[in-house]
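Visitor: Task: produce atomic coordinates for the following.
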Amino acid sequence: MKIKAIRATPVNLVLEAPYVWVFGELPGFSTTIVEVETEDGLVGWGEAPTPFAAAVITDQLAPKLIGRDPFDIAGAEFACVPFWRGVQSINDPLRITAFGAIETALWDIRGKAWNMPLYQVLGGAVRKDIPFTDYFSLRAQGPLLPDGRSVRGERTPEEVLDYCIHLNQTFGTTYFEGKFSTEDPRVSLRMLELIRGHFGDDVMLRIDSNQAYSLATARRLARPLEELGVRNWEDPVTTLEEMAELRRHCSIPFSTHNADIARAMSLRVPDAICGNPTVVGGIGRLIRFVGACEHAGIDFWCYSGDSGIGSAVYLHLCAALGWIREPNQSLFRMQAFDVIEEGPFVPRNNVVRVPEGPGLGVTLSQDKLAWCHRHFVENGPMNKYHDPELPGTYRRLPLN
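Guide: I've put the predicted structure just below:
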């Protein structure tokens, strides 16, 4: 069996309504869907969390892999990223992420060839119901969606509470995670106060500040957030050094997207790293990374913003790796459209069942892929700074 072709397609994944965060309003995510086809007709799928991986895959990596054995994942890595520490030291995350998407597609091929779910290929499942949080945020008016809907969004803390009540009553959600990065932090505090006041201690509350606040502001917020029983605070400040200083004033566990585990062990923060398999180079590298986290006593969970391809990878890894114990992040509920026939996934009672089909266990829809690619071509990347003078871009909001 040989690799016959590798296709990389940049796509836009539109949210039903843009959510408000530190960078302004985010209407969706732009990623790259990867298809690796073998001469035997098997096709493996992967996803990179950036549209700019497409050119790297097409121009640099695919020519090195055509004709190779798709089962030789280590050999593929050496062909594409031969000097791993060197690539990391010159700060080339795009090449690592691009290869990571191909690498996940190669694992998908292995599962399909062996007629096994990916979690089985990885050694079996310690769990099959994978926990996720449901996200909440202030949200703006949504676009006209393919099904003719337009979501109004939640514009006040009271409307955010109504949204959370709907999630609880309709889907059994009790794990909530919210954007806590408004310019006036009292608005974000009000959202949490309303949710905690309505549900009491029966729900989990995690927050994500996306490095929005200065150390001084974060110190002022620590006490009221502790009193609200916040389970985890993601990226409350800009650097790990500031996070280490904030630890002296705050008992809430911290998480971050910064995958520098050596610094985390030295500074003793964060308590958890929130990541994506392709960012560290793929499934094989993530397994080793999670093992290092376990050795260091640092939790790990996956973030959201991918299509059903990337999300299926999360599901299988969480099924196979016992150390991923805490709920992963989920924007599934807010996604308006997906590239898989089965998606978007729908958490119920805080969990999503791992797919049982061969490989990733999901089906790429060429029609949906074409729609998402056409949206990217016509509108450009979605995850840029928003500037009202420049349609399709994003501007970072000034925060305290």
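
Visitor: quick one: pLDDT of A62?
Guide: Predicted confidence (pLDDT) at A62: the value is 98.

Visitor: Which strand or helix spans it?
Guide: Assigned by DSSP states H and E, A62 falls within helix 62-65.

Visitor: list the buried ones in that helix?
Guide: By 16 or more other C-beta atoms under 10 Å, the buried positions in helix 62-65 come out as A62, K64, L65. (Glycine included, C-beta is placed from N, CA and C.)

Visitor: what packs against that helix?
Guide: Under the contact definition 3 or more C-beta pairs under 8 Å, 6 or more residues apart in numbering; DSSP states H and E, helix 62-65 sits against strand 3-21, helix 73-80.

Visitor: rerun at 6 Å
Guide: Packing partners of helix 62-65 (3 or more C-beta pairs under 6 Å, 6 or more residues apart in numbering; DSSP states H and E): helix 73-80.

Visitor: Alpha carbons only: can I get the helix it packs on in PDB?
Guide: Output for helix 73-80, consisting of C-alpha atoms alone and laid out as PDB, is shown next (Å, rounded to 0.1, in the frame of the first residue of the first chain):
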ATOM      1  CA  ILE A  73       4.100   7.100  10.400                       C
ATOM      2  CA  ALA A  74       7.600   7.500  12.100                       C
ATOM      3  CA  GLY A  75       9.200   7.500   8.700                       C
ATOM      4  CA  ALA A  76       6.700  10.100   7.400                       C
ATOM      5  CA  GLU A  77       7.500  12.300  10.400                       C
ATOM      6  CA  PHE A  78      11.300  12.100   9.700                       C
ATOM      7  CA  ALA A  79      10.700  12.900   6.100                       C
ATOM      8  CA  CYS A  80       8.700  16.000   6.900                       C
END
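
Visitor: quick one, it and strand 3-21 angle?
Guide: Put simply, helix 73-80 runs at 80 degrees to strand 3-21, going by axes from the mean of the first three to the mean of the last three C-alpha atoms, to 10 degrees.

Visitor: Only the buried residues of helix 73-80, if you could.
Guide: Buried residues in helix 73-80 (16+ other C-beta under 10 Å): I73, A76, E77, C80.

Visitor: give the contact list for L61.
Guide: Going by C-beta atoms under 6 Å, 6 or more residues apart in numbering, L61 touches C80, A98.

Visitor: Can we start the residue count at 10 from this point?
Guide: All right, first residue 10 from here; so that's L70.

Visitor: Report the mean confidence score over stretch 371-379.
Guide: Averaging pLDDT along stretch 371-379 gives 97.

Visitor: for stretch 16-30, that is, sorry about that
Guide: pLDDT averaged over stretch 16-30 gives 94.

Visitor: Identify the residues contacting that stretch?
Guide: Applying C-beta under 6 Å, 6+ apart, the contact partners of stretch 16-30 are 34-39, 41-44, 60, 63, 66-67, 146-149, 151, 160, 162, 188, 190, 219, 316, 343, 345-346, 381-382, 384-385, 391.

Visitor: Low-confidence ranges, this protein, go.
Guide: For the chain, the stretches flagged by pLDDT under 70 are 93-101, 392-409.

Visitor: can you map out the strands along it?
Guide: Remark: strands of the chain, listed N- to C-terminal, are 12-30, 33-47, 52-57, 138-140, 143-145, 184-188, 213-217, 241-243, 263-265, 281-284, 308-311, 360-362, 395-396, 399-403; assignment by DSSP state E.
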